[in-house]
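Colleague: take a look and give me a structure for this.
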Amino acid sequence: MVWQRITVGALVPYVAWLVFGYRWHFLDGVNLLFHEAGHAILSPFGAWLHMLGGTLGQLFFPAACAFQFWREERRFEAWICGIWLAESTMYMAEYLGDARAMALPLVGGDVHDWHWMLSRLGLLDWCTPIAWVLHAAASVAAVFSLVRAGQLALGAPSRSAL
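Modeller: Modelled structure (predicted):
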C-alpha cells in the first residue's frame, strides 16, 4: 500500500537518527506519561516495583499495542510499534546511563529510579556500559522492525511468521 511505503520512507531517517544520535524528543513525552503511570500503578507493591514501575510502564504500552496489532494480523502496524518499543528502550537506556551523574531533569520528584535501583544492586558504576548495551540491542530491534515493515510495505513474500 502507498501509505505504508510513505510511512517506511519517513521512518528510515528517523530510525537512523535513533541509532546514531538519539536524544530526548517528542515521542519521549508520550513515553514519560506511561513511565509515570507505571510508577503510580505499581506503587502499592513495594519500593522495588514502584521504582521499576516507570520503566515497565513505558515498555508495556508499545509492547501491548504491538501485541494487539499482531493478534489482529495487522503485521505492518505491529512492526511500527516495534520501532516505538525500541525507541522507548533507548529512552530507558539514556535514563539508566544517567544513574551515576543524575544530570537529567526529574519529573516525579527527586529520586532517580535507576540510581536507586543500581545502587542497591551494587551496579551503579556499570550504568554507562549497561546503557550502551541496551541502546545497541534497541538499535538492532528498531532496524529489524523497520526492515520487516518495509518488506510488508513492498509486498515482499514472507518466509516466516516474523
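
Colleague: pull the longest helix from this structure.
Modeller: helix 127-154 (DSSP state H).

Colleague: and the worst-scoring helix or strand of the chain on mean pLDDT, how far out from the chain's middle?
Modeller: Using mean pLDDT, DSSP states H and E, helix 26-42 stands out as the lowest-scoring helix or strand of the chain, at a mean of 94. Its chain's C-alpha centre and that of helix 26-42 lie 11 Å apart, by C-alpha atoms, centre = their mean, to the nearest Å.

Colleague: quick check: buried residues in it?
Modeller: 27-28, 31-32, 34-39, 41-42 (16 or more other C-beta atoms under 10 Å). The C-beta positions use only the backbone N, C-alpha and C, and glycine is treated the same way.

Colleague: can you check stretch 50-57 too?
Modeller: By 16+ other C-beta under 10 Å, the buried positions in stretch 50-57 come out as 50-57.

Colleague: tell me which of these fall in helices.
Modeller: Per DSSP H, the buried residues of stretch 50-57 map to helices at 50-57.

Colleague: before we move on, back to that, contacting residues around the least confident helix or strand of the chain?
Modeller: In this structure, residues lying in contact with helix 26-42 by C-beta atoms under 8 Å, 6 or more residues apart in numbering are 49-58, 60-61, 84, 87-88, 91, 107-108.

Colleague: what does stretch 135-152 give?
Modeller: Residues contacting stretch 135-152 (C-beta under 8 Å, 6+ apart): 4, 7-8, 11-12, 15, 18-19, 22, 75-76, 79-80, 82-83, 85-87, 89-90, 93-94, 158, 162.

Colleague: one more pass at 6 Å, please.
Modeller: 8, 11, 15, 18-19, 75-76, 79-80, 82-83, 86, 89-90, 93 (C-beta atoms under 6 Å, 6 or more residues apart in numbering).

Colleague: where does the prediction get shaky in the protein?
Modeller: In the predicted model of the chain, residues 157-162 satisfy pLDDT under 70.

Colleague: neighbours of Pro13, how many?
Modeller: By other C-beta atoms under 10 Å, 9 other residues sit near Pro13.

Colleague: typed the wrong thing, it's Leu123
Modeller: So Leu123, with other C-beta under 10 Å, has 15 neighbours.

Colleague: work out for me the element the residue positioned nearest the centre of the chain sits within.
Modeller: Centrality entry for the chain: nearest residue to the mean C-alpha point is Ser88, 1.9 Å, by C-alpha atoms, centre = their mean. According to DSSP states H and E, Ser88 maps onto helix 75-97.
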